[in-house]
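In: Pasting the sequence and the predicted coordinates here, then a few questions.
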Amino acid sequence: MKIINFVLIALLLVFSGVADAQKIKGSDTVLPVSQEASETYMKSHPNAHLMVTGGGSGVGISSLLDGTTDIAMASRSIKFGERMNLKKNHKELRQVIVAYDALAVVVNPSNPISHLTRAQLELIFRGKLTNWKQLVDPVTHRRGPNLKIIVYSRETSSGTYEFFKTSVLKEKNYMAGVLSMPATGAVIQSVRQTRGAIGYVGLAYVNKYVKALHVSYDNRRFVYPNMMTGHKRIYPIIRPLFYYYTADKSSRVLPFIHFLLSQRGQQIVMKCGYVPLK
């Protein structure tokens, strides 16, 4: 009987700790740096309990609305409708930019194309160009291989999906046959395994298994996505990364947010492959 009581007490302590944990939810782009920062923060604040989960920017903001998260991570600005829904529920929104991210366009490493203009990217992602042989690298003048272009994208709830549509497609629709991936890691894996593939990922996710392209918005200057070009805001596809919370949760969430904005926190931002604020 004593053993059963002990187990029940232990379980109650565990569940009460989970219930009291500060919840951070949303963008898969912001997820890695939030996880790293929360682990570092909890080591120096033993009484702090933070739970960080992904799901996409839209999921995070919806969770903020229904009260199931304390902080929503987002790789896009909050939409007007989302803001109005919070207002209807008498929730006063707060926004903080915690880092910047360069959005890399990636292809399979076997693809000879290394440079593309924004206009070329628009034609690809809108399905107007369907074979790599229709493309000529604007810098090397090499023609693409005779391969069908396989376009990978994030799902519609993703802030990365929204930002790419705004910045690269100029609010035009993606092609009907775009292959939507549930997470950035799935985009990387798919591009790695598919010779004709193209997709886009946050800078922190770029690895040796995919090739990031030099991109130009003015058809003259082609820029490679890395920490330096992102920090100097030279790379054209760059965006702020946000934390959203409501005013009633300020005292609960601000200690961790202030840590992430501190010099130590911004070092973690850079370590994780994101562009720091300064």
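Out: Arrived safely.
In: Downstream of the strand ranked longest in the chain, the next helix or strand is which one?
Out: When the chain is parsed with DSSP state E, its longest strand is strand 93-107. Under the assignment DSSP states H and E, the closest C-terminal helix or strand after strand 93-107 is strand 115-117.
In: picking up where we left off before, CA-only coordinates of the longest strand of the chain, as CSV, when you get a sec.
Out: Extracted C-alpha coordinates of strand 93-107, given in CSV (Å, rounded to 0.1, in the frame of the first residue of the first chain):
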residue,chain,number,x,y,z
LEU,A,93,-1.0,40.8,-28.2
ARG,A,94,2.7,41.3,-27.7
GLN,A,95,5.3,40.7,-30.5
VAL,A,96,9.1,40.3,-30.2
ILE,A,97,11.6,39.7,-33.0
VAL,A,98,14.1,37.1,-31.6
ALA,A,99,16.3,36.5,-34.6
TYR,A,100,16.5,36.6,-38.4
ASP,A,101,16.6,33.8,-40.9
ALA,A,102,17.9,33.5,-44.4
LEU,A,103,15.6,31.2,-46.4
ALA,A,104,17.8,29.0,-48.7
VAL,A,105,16.6,27.6,-52.0
VAL,A,106,18.0,24.1,-52.2
VAL,A,107,18.5,21.5,-55.0
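In: Okay, buried residues for it please.
Out: Neighbour-count burial for strand 93-107, counted by 16 or more other Cβ atoms under 10 Å, picks out 93-94, 96, 98-107. C-beta: built from backbone N, CA, C; applies to glycine.
In: how about the strands of the stretch 1-150 of the chain, start to end?
Out: Taking DSSP state E, counting those that start in this stretch as the test, the strands found in the stretch 1-150 of the chain are 22-26, 50-53, 71-74, 93-107, 115-117, 150-154.
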